[in-house]
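A.B. asks: what's the 3D shape of this:
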Amino acid sequence: MAGKIYVAVHSAVVYTDDGPVTLRGGYTRVREGHPLLKGREDLFREDVVQYEVEDARSAPQDAPVPVPTSAAPEAAAVPERAPAVPRVVPAPAPRPQRGPRKGA
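C.D. replies: Residues are numbered from 1 along each chain as shown. A predicted model of the protein is given here:
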């Protein structure tokens with residue numbers, strides 16, 4: 001499934017069976033075996049792609065929680081905050097009727 005990736009070296013317009021295709025140098029990328037690459041290898045160079053890979057053992061961990069020392073327990077105590085009160089948003093006013101209802 002994974003193959004080489006090629007990036008355009010120069011900007012150019014290439015004509016294919018489907019019509020003109022604009023290549024932007026350093027930006028346009030095609031995969032190995034793409035029809036756009038066939039016969040135009042001199043317009044492209046191989047691009048180096050580095051994927052970030054991690055397994056379950058190297059996944060980010062939560063930051064450790066510091067443990068207060070017993071030398072100054074009152075300095076390490078944090079006052080408790082009151083619970084947050086949810087903000088009440090009033091419902092929008094109903095839209096006025098623009099004319100008599102049809103039917104009925």
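
A.B. asks: Only C-alpha atoms from now on, for both contacts and neighbour counts.
C.D. replies: Fine.

A.B. asks: burial of residue 9, as a residue count?
C.D. replies: Using other Cα atoms under 10 Å, residue 9 is surrounded by 18 other residues.

A.B. asks: So it is in contact with residue 44, correct?
C.D. replies: Yes: using Cα atoms under 8 Å, residue 9 is in contact with residue 44, at 5.2 Å.

A.B. asks: overlap in contacts of those two?
C.D. replies: Common contacts of residue 9 and residue 44 (Cα atoms under 8 Å, 6 or more residues apart in numbering): none found.

A.B. asks: Would you agree residue 46 falls within a helix?
C.D. replies: No: going by DSSP: H, G, I helix; E, B strand; the rest coil, the assignment for residue 46 is strand, not a helix.

A.B. asks: Kindly state the beta-bridge partners for it.
C.D. replies: Per DSSP bridges, the residues bridged to residue 46 are residue 6.

A.B. asks: OK, contacts around it?
C.D. replies: Contacts of residue 46 (Cα under 8 Å, 6+ apart): 4-7.

A.B. asks: Residue nearest the middle of the chain, spatially speaking?
C.D. replies: Centroid-nearest residue in the chain: residue 52, 14.1 Å away (criterion: Cα atoms, centre = their mean).

A.B. asks: Could you say which helix or strand holds that residue?
C.D. replies: Here residue 52, judged by DSSP states H and E, is contained in no helix and no strand.

A.B. asks: which parts of stretch 19-32 are buried?
C.D. replies: Residues of stretch 19-32 classed as buried by neighbour count (16 or more other Cα atoms under 10 Å): 23, 29-31.
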